[in-house]
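Enquirer: When you get a sec, could you give me coordinates for this:
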Amino acid sequence: MPLRVTFVAAARGTALLAERFEDDRPLDQGGWDEVQRVAGALLPLAAAELRYCSPTPRSRATGAALGYAPLVQLALRDCDMGRWRGLTPAEAMAREPEAVDAWLADPRSTPHGGESLPAFISRVGGWLDTRPADDGGRIVAVAEPSVIRAALVYALKAPPQTYWNIDVRPLSTTTVTGGAGRWNLRFDGVPAQVPRG
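Expert: Have a look, this model is predicted:
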């Protein structure tokens, strides 16, 4: 039986423009409010046989608030951004514009002194490939949007540059099905409402 891994993006802890590399800040009030608004729709995922989360405060709090009681997985941590950790992208650009340009142009580069994008994608993909098929077919994992982007690049066997073209919104869900080395992206859309005339 193929595994079904549903990723839930952690609720936002800050405004988009204030997001930081490897941001360890907890959920703010806006994040808590977002979780409460969507909890009813995401609560059924708590029935998954295995429930995991990234080690960030936002991911742990989101998983707990949704009733998942998730197990923290270190492999689902954000990309190691070295000396840029805690900076906003704008702050990193102001301090090291050439380094940021090099990092965006070449996914293998590590001008920040941390982890390369392919290494990050491989780490997250390795976690995905080692999920225990014997323990059940359904898994839920609350993770930072960057981790979900890495998982999707891995699952689709896409070039690392594809990472920059995937937008994962807070509290969105993304599902992959399959098993080690053979993943498929699955869309479970809700049928459109037919307007009454």
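Enquirer: what bits of the chain have low per-residue confidence?
Expert: In the predicted model of the chain, residues 13-18, 22, 134-136, 189-197 satisfy pLDDT under 70.
Enquirer: Helices along the protein, start to end?
Expert: Secondary structure of the chain (DSSP state H): helices at 29-42, 57-65, 89-95, 97-105, 117-129, 145-155.
Enquirer: most packed of the ones you listed?
Expert: Comparing those by mean neighbour count (mean count of other C-beta atoms under 10 Å), helix 145-155 ranks first with a mean of 25. Every C-beta, even on glycine, is put in place using the N, C-alpha and C of the backbone.
Enquirer: what's that helix packed up against?
Expert: strand 3-9, helix 117-129, strand 173-179, strand 182-186 (3 or more C-beta pairs under 8 Å, 6 or more residues apart in numbering; DSSP states H and E).
Enquirer: Centre of the chain to it, how far?
Expert: Centre-to-centre, helix 145-155 and its host chain are 6 Å apart (C-alpha atoms, centre = their mean, to the nearest Å).
Enquirer: Make TSV from the helices and strands packed on helix 145-155 and add distance to Asp80 to it.
Expert: Formatted as TSV, those follow (distance: least, C-beta to C-beta, whole Å):
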stretch	distance to Asp80
strand 3-9	20
helix 117-129	8
strand 173-179	23
strand 182-186	24
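Enquirer: so which of these gets nearest Arg95?
Expert: Minimum separation from Arg95 across these (C-beta to C-beta) falls at helix 117-129, 20.0 Å.
Enquirer: What are the contacting residues of that closest one?
Expert: 5, 73, 75-76, 79-80, 107-108, 115, 147, 150-151, 153-155, 160, 163, 176, 179-181, 183 (C-beta atoms under 8 Å, 6 or more residues apart in numbering).
Enquirer: One more pass at 6 Å, please.
Expert: Ala75, Cys79, Pro107, Val147, Ala150, Ala151, Val153, Tyr154, Pro160, Tyr163, Ala180 (C-beta atoms under 6 Å, 6 or more residues apart in numbering).
Enquirer: CA atoms only for it, dumped as PDB, please.
Expert: The C-alpha coordinates for helix 117-129 follow below in PDB (Å, rounded to 0.1, in the frame of the first residue of the first chain):
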ATOM      1  CA  LEU A 117      20.000  23.900  -1.400                       C
ATOM      2  CA  PRO A 118      20.600  20.500  -2.900                       C
ATOM      3  CA  ALA A 119      21.900  19.200   0.500                       C
ATOM      4  CA  PHE A 120      18.700  20.600   2.200                       C
ATOM      5  CA  ILE A 121      16.500  19.000  -0.500                       C
ATOM      6  CA  SER A 122      18.300  15.700  -0.100                       C
ATOM      7  CA  ARG A 123      18.000  15.700   3.700                       C
ATOM      8  CA  VAL A 124      14.200  16.300   3.600                       C
ATOM      9  CA  GLY A 125      13.900  13.800   0.800                       C
ATOM     10  CA  GLY A 126      15.800  11.200   2.800                       C
ATOM     11  CA  TRP A 127      13.400  11.700   5.700                       C
ATOM     12  CA  LEU A 128      10.500  11.200   3.200                       C
ATOM     13  CA  ASP A 129      12.000   8.000   1.800                       C
END
